[in-house]
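Colleague: Sharing a model prediction with you, sequence too.
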Amino acid sequence: MKYLIIAVLALCACDEEKADKPSVIAAKAECKQLIAHIAQITPQMKDSKPDDVVAKLSIEDLQSCVATPPEIRQCMVGAPDVAGVKKCIPSEDVLGCMTKANKARDKARDDKKVDDVDPTVDAPFDAIRKKCYAGDAKAAEDLKVD
């Protein structure tokens, strides 16, 4: 079951050069909490200790989780059961919308030479990404990413 959940989390690749940024460090902590939560609510893992499951995670599994959009991780952490975790997974259209918002945010960060999270740069793109996740798959339609 662990591998099923990790596969669900593997929505995009992790960028190695960003591994030491504060936002990535915070995401890693959130991912460890998420994996422990999933271990607690998964019937097949009822005899496993969540901390042991987290300790056995491979670097690749953790990177896959970190690369998952924060809205999805937060939804999964709050899910009461495995069915709730599965409901957190967006459609491909919604995920595409979120990805476009992320690319536009990254371009804006590059243009302003911002290396990590900066609310003055990120806020508009975060708002669009949240609209995408809420179901508006066209929320990022007007963004220019090329």
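Modeller: Perfect, I can see it now.
Colleague: going forward, measure contacts between C-alpha atoms and count neighbours the same way
Modeller: Will do.
Colleague: Could I get the average pLDDT for stretch 92-99?
Modeller: Mean pLDDT, computed over stretch 92-99, is 95.
Colleague: quick one: contacts of stretch 117-128?
Modeller: 23, 98, 101-102, 104-105, 108-109, 139-140 (C-alpha atoms under 8 Å, 6 or more residues apart in numbering).
Colleague: for that stretch, which positions count as buried?
Modeller: Buried positions in stretch 117-128, judged by neighbour count with 16 or more other C-alpha atoms under 10 Å: 117, 122, 125-126, 128.
Colleague: ok, Q40 - contacts?
Modeller: Contacts of Q40 (C-alpha under 8 Å, 6+ apart): 46, 49-50.
Colleague: Now, of those residues, which are buried?
Modeller: P50.
Colleague: Give me the distance between the two termini of stretch 110-126.
Modeller: 16 Å (C-alpha to C-alpha, to the nearest Å).
Colleague: circling back: narrow the contacts of stretch 117-128 to those in helices?
Modeller: With helices taken from DSSP state H, the overlap with the contacts of stretch 117-128 comprises 23, 98, 101-102, 104-105, 108-109.
Colleague: before we move on, what SS does K113 have?
Modeller: coil (DSSP: H, G, I helix; E, B strand; the rest coil).
Colleague: how near is it to M98?
Modeller: Taken as C-alpha to C-alpha, the span from K113 to M98 is 22 Å.
Colleague: quick one, which of the two is more surrounded?
Modeller: It is M98, of K113 and M98, that has more neighbours when counted by other C-alpha atoms under 10 Å, with 27 against 10.
Colleague: mind checking how far that one is from A29?
Modeller: 22 Å.
Colleague: ok, now K131?
Modeller: For K131, the distance to A29 equals 25 Å [C-alpha to C-alpha].
Colleague: Give me the subset of the contacts of Q40 lying in helices.
Modeller: Using DSSP H, the members of the contacts of Q40 that fall within helices are P50.
Colleague: No further questions, thank you.
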